[in-house]
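Chemist: I need the structure of the sequence given here:
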Amino acid sequence: MTSAVKSTLPEEARRVTCEALQDTLVDLVGLSLIGKQAHWNIVGPRFRSIHLQLDEVVSTARTYADTVAERSAALGVPPDGRPETVAHGFTLPAPKDGWVRDSDAVQVMVESLEAAIGRLRERIDATEKSDLVTQDLLIAITAELEKQRWMFDAENFPREG
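Modeler: A predicted model of the protein is given here:
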């Protein structure tokens with residue numbers, strides 16, 4: 001099927017841009033699932049504060065996932081957030097199954113957010129020539145995820161060992 005929405009971008013720019021958006025969508029949906037998995041299973045003395053902080057990450061990831069998907073649709077490429085697509089493309093660190101110690105939840109969130117931020121920075125570079133509007137969106141997402149990573153990393157202080 002041809003695109004239901006005509007893109008304002010030339011075809012190659014649209015391809016690069018929408019690939020970056022799709023990969024970001026997968027990371028954000030996955031990040032929201034990681035956050036909820038840890039949220040539901042966290043145990044330990046810092047349960048309440050981290051439990052609430054995990055909800056902030058989930059809310060951020062879900063809000064930006066919607067924005068990213070809508071940007072892709074606006075450019076004429078249908079976003080794909082189906083479970084099998086997310087499962088196939090998702091590579092961020094995630095908590096193990098079962099109960100998650102509060103310190104382990106913090107560590108996995110720091111690692112997941114760092115990985116997502118690294119991938120976003122690559123996409124920021126990739127969209128520099130293809131679409132500055134999308135690049136601006138990716139920059140905003142990166143800034144928010146860096147703030148979330150900082151807040152989780154601060155939970156690790158003083159570092160053990």
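Chemist: buried residues of the strand or helix carrying Arg48, list them for me.
Modeler: Secondary structure assigned from DSSP states H and E places Arg48 in helix 47-74. Buried positions in helix 47-74, judged by neighbour count with 16 or more other C-beta atoms under 10 Å: 50-51, 53-54, 57-58, 60-62, 64-65, 67-69, 71-73. C-beta coordinates here come from the backbone N, C-alpha and C atoms, glycine included.
Chemist: which stretches of the chain form helices?
Modeler: Assigned by DSSP state H, the chain shows helices spanning 11-41, 47-74, 83-89, 102-126, 132-154.
Chemist: which residues does the residue most central in space within the chain contact?
Modeler: Per C-alpha atoms, centre = their mean, the C-alpha nearest to the average position across the chain is that of Leu28, at 2.8 Å. Residues in contact with Leu28 (C-beta atoms under 8 Å, 6 or more residues apart in numbering) are 61-62, 64-65, 68, 116, 141.
Chemist: over to Leu145?
Modeler: 60, 113, 116-117, 120.
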